[in-house]
Every structure is written in structure tokens, then in C-alpha cells.
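# Attaching a predicted model along with its sequence, questions to come.
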Amino acid sequence: MIKFREATVKEESKIRKSLHEWIGKDILEKITSGKVLVIGEGKIKEVFLVPMEVYSVLKKLKDVRMPYYLGLFFR
């Protein structure tokens, strides 16, 4: 089972740096605006870009039931 959580400051910094190098600052700002970087931890760690509205639902439901999938997956 995957457990989702918000990325730590250190994780977010590394992810943003990698994305900045890959797609550039302008595109990075456009695609991340209004979204949260979420870490899915299970057998491996995965990164998801999740709209704020979806993340707020996750925060309410995570103690009841964790979803199977969340947001845009980055590999």
C-alpha cells in the first residue's frame, strides 16, 4: 500500500531543481502553480504533482482510507 504525504522542504527543493533543469523556470512555474508536491511511499518512493483541491481532500481522508493513485506522476 502506498502512503501519501507532502514533500519535505529538502525533497521539494531537490525535485524543483531537477524539474527546473529539465523543463526550465517558466514552464516549471506554470505547471506547479496551485499544486502540491506529494510523495507516495510504498515499495518505492514516487513523486506526484497534485492540485490544491485534491490535496485538501487527501488530508481529510488519509486517516480513513488512503487512495491508490493521486495527481500527475513524475518518474
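Nice, thanks for sending it over.
# which sections of the chain are below the confidence cut-off?
Scanning the chain for pLDDT under 70 picks out 68-69, 71-75.
# just the helices in it please.
9-23, 25-32, 52-61 (DSSP state H).
# Just the residues contacting the shortest one, thanks.
Here helix 25-32 makes contact (C-beta atoms under 8 Å, 6 or more residues apart in numbering) with 16, 19-20, 23, 49. All C-beta atoms are positioned from the backbone trio N, CA, C, and that covers glycine.
# Check the gap between the residue at the greatest distance from the centre of the chain and residue 8 for me.
Relative to the mean C-alpha coordinate of the chain, counting by C-alpha atoms, centre = their mean, the farthest residue is residue 64 (20.0 Å). As for residue 64, its distance to residue 8 is 24 Å (criterion: C-beta to C-beta, to the nearest Å).
# follow-up on the earlier one: from the contacts of helix 25-32, pick the one nearest residue 60.
Within the contacts of helix 25-32, the smallest distance to residue 60 is 19.6 Å, found for residue 49 (C-beta to C-beta).
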